[in-house]
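Novice: Show me the folded form of this:
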Amino acid sequence: YASHTSHVEHIQDELTTALADITPKAPRIPFHSTVEPEPSFDAGYWYRNLRQTVQFTSTVTTLLRQGHTRFIEASAHPVLTHPIEHTAETHDLTAHTTGTLRRDDDTPTRLLTSLATTWTHGTPLNWTHLTPTGHTTPLPTYPFQHQHHWLTPQPTHTPTPTPTTGPDTWRYRTTWKPLPEVTAPTLSGHHLLVVPSDLDASIVDEVTHALSERGGSVDRVDVPLGTERDEFAQVLSPHLGTDDDHAVSVVSLVGLAESLDTVTTSISLIQAITDVSPQSTRVWALTREAVAVSPGESPQDEGAQLWAFGRVAALELPDVWGGLIDLPERPGPRDLARAVTVLGGGDEDQVAIRPSGVYGRRTARMAPTNAAPWRPSGTVLITGGMGAIGRRLARRLAAEGAERLVLTGRRGANAPGAAELAEELRGHGCEVIHAACDVADRSELGALIAAHPPNAVFHSAGVLDDALIDTLSAESFDAVHRPKALGATLLHELTEDLPDLDAFVLFSSVTGVWGNGGQGAYAAANAALDALAERRRAA
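Specialist: Okay, the predicted model is just below:
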């Protein structure tokens with residue numbers, strides 16, 4: 001049966017009979033039900049708990065308003081910690097959450113680590129139950145401060161310190177490190193090329209030749225973009241489904257096609273491989289101009305999203321995912337030979353091939369900038385204006401002199417707290433306009449911009465729909481992609497010719513830079529924003 005649907009009704013009698021002997025007692029600890037305000041814990045309650053709608057958000061909101069800020073999820077694996085934090089953010093509050101156990105980690109060490117985590121958030125715990133003697137030594141809840149108490153030699157010349165401000169030292173950027181040329185290895189075993197049906201035959205032939213030239217045998221499957229998991233499994237099974245004669249690597253050329261479907265098709269490919277391959281088959285994805293290695297290069301949106309998804313795949317499926325190789329727009333024989341060298345082994349799994357050589361992706365600290373401070377003026381458009389980021393941003397812009405704030409959201413002025421926020425912002429002398437608008441709808445967004453031409457745009461709209469790759473669907477990918485990535489593209493296209501626009505700001509997440517388990521769709525959408533920023537700056 002499916003919980004909280006009419007299917008539960010089929011087991012009502014069985015459940016009521018099985019739990020008939022339950023004797024309810026008043027709880028010693030205050031209990032908040034997500035089903036009903038004052039529950040009676042008899043068999044009927046537990047049936048209703050399975051059948052009725054879960055009022056999780058309203059229950060957590062009630063707890064937050066009562067002043068509760070620390071939450072512990074007692075479960076075999078934490079799944080509610082992020083929704084609790086998200087609920088707190090929507091109310092401009094901070095909540096600390098932690099789990100207890102984790103999937104495949106049900107050890108005492110895991111439980112103690114979870115307890116220690118919640119203790120550092122200020123939760124009082126009775127540690128004496130965990131020690132043989134019942135004796136504990138108090139320790140501070142902040143990192144130890146290491147200070148030397150002995151003399152150290154002083155330099156004869158003390159250099160003048162370079163002044164820095166708190167946030168400049170936090171800034172990082174993606175860079176590309178030239179890698180040494182290595183002798184191409186001899187390949188062994190079968191290598192399976194996954195080819196999108198409409199891809200130019202010449203590039204397929206050239207990749208096949210480059211692999212064969214190094215001694216690998218090459219098979220090929222052609223699939224249309226949009227192929228789903230089950231269809232992929234049927235096509236791949238003859239090549240991956242035997243222990244003795246399986247492909248040692250899958251080289252996906254799906255990323256060489258120019259379509260958003262390259263990402264969703266790649267998701268289905270990975271899912272199918274985990275379904276049918278009994279061996280450790282490594283998947284490599286080839287892209288074309290998906291990353292900007294040198295100034296002036298403009299990363300393509302679809303390829304950038306595939307790279308972000310690949311970084312999540314590397315975290316979730318380390319035994320399956322091989323890596324990413326980005327090619328120039330028109331790769332030659334030498335470029336493809338270098339790509340095969342990367343496929344043949346080594347420590348690099350995010351590599352760009354360019355005529356000048358092979359480059360490995362790195363993250364490096366940025367030097368402080370001397371940019372003049374920007375001040376808002378005129379009309380400022382904030383998408384996701386009633387979200388956690390949007391509300392804080394609106395307060396700051398109003399305080400810094402914005403004359404008019406246009407705050408977009410699905411519900412406009414009907415969003416919870418909209419009237420109160422508007423009154424607060426008007427206290428700074430700022431006009432406030434709440435606009436109900438789907439930022440992924442060109443006509444709606446175009447009409448809004450025409451009615452209120454902005455002097456600055458801040459895109460903070462976004463949705464979370466987290467799922468591990470194994471359960472990630474095209475629908476959930478689209479739900480995340482539309483407001484964040486498509487919305488940003490439409491904002492770019494509808495404002496790039498505005499003469500008085502002096503700021504175009506995108507709020508993206510670090511998940512797009514180095515990934516995060518369970519956030520393949522979110523990482524891809526945020527990488528699209530990073531790529532758009534690079535393209536817009538390069539233009």
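
Novice: And the one helix or strand residue 420 maps to, what does it pack against?
Specialist: Take DSSP states H and E as the rule and residue 420 turns out to sit in helix 418-426. Judged by 3 or more CB pairs under 8 Å, 6 or more residues apart in numbering; DSSP states H and E, helix 418-426 is in contact with helix 388-399, strand 404-409, strand 431-436. Glycine gets a C-beta too; all of them are placed from N, C-alpha and C.

Novice: Sheet-wise, list the partners of the lowest-mean-pLDDT helix or strand in the chain with their directions.
Specialist: Scoring the helices and strands of the chain by mean pLDDT, DSSP states H and E places strand 247-252 at the bottom, with a mean of 86. Strand 247-252 pairs in its sheet with strand 190-196 (parallel), strand 282-288 (parallel), by DSSP bridges.

Novice: Throw those strands into JSON lines and include distance to residue 75, thanks.
Specialist: Converted to JSON lines, the strands paired with strand 247-252 look like this (distance: least, CB to CB, whole Å):
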{"stretch": "strand 190-196", "distance to residue 75": "38"}
{"stretch": "strand 282-288", "distance to residue 75": "32"}
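
Novice: I'd like to know which of the ones you listed is closest to residue 328.
Specialist: strand 282-288 (7.3 Å; CB to CB).

Novice: Quick check, pLDDT for the spatially closest residue to residue 248 that is not a sequence neighbour.
Specialist: Closest residue in space to residue 248, ignoring its immediate chain neighbours: residue 189 at 3.7 Å, by CB to CB, 6 or more residues apart in numbering. According to the prediction, residue 189 has pLDDT 78.

Novice: Tell me which residues touch residue 189, please.
Specialist: Counting by CB atoms under 8 Å, 6 or more residues apart in numbering, residue 189 touches 216, 217, 247, 248, 249.

Novice: Find the pair from these with maximum spatial separation.
Specialist: 217 and 249 (11.4 Å).

Novice: Need the overlap of contacts for the two.
Specialist: Common contacts of residue 217 and residue 249 (CB under 8 Å, 6+ apart): 189, 191.

Novice: Pick out whichever of these two has more residues nearby.
Specialist: Per other CB atoms under 10 Å, whichever of residue 217 and residue 249 has more neighbours is residue 249, with 19 against 14.

Novice: Quick check: the gap between the more buried one and residue 348.
Specialist: For residue 249, the distance to residue 348 (CB to CB, to the nearest Å) stands at 15 Å.

Novice: before we move on, what about residue 411?
Specialist: 47 Å.

Novice: Please apply the same query to residue 42.
Specialist: In terms of CB to CB, residue 42 sits 61 Å off from residue 348.

Novice: you'd agree residue 98 is up against residue 84?
Specialist: No. Using CB atoms under 8 Å as the test, residue 98 is too far from residue 84 to be in contact (10.3 Å).

Novice: Now do the shared contacts for these two.
Specialist: Common neighbours of residue 98 and residue 84 (CB under 8 Å, 6+ apart) are 71, 73.

Novice: All the strands of the stretch 101-250 of the chain, residue numbers only.
Specialist: 172-179, 190-196, 217-223, 247-252 (DSSP state E, counting those that start in this stretch).
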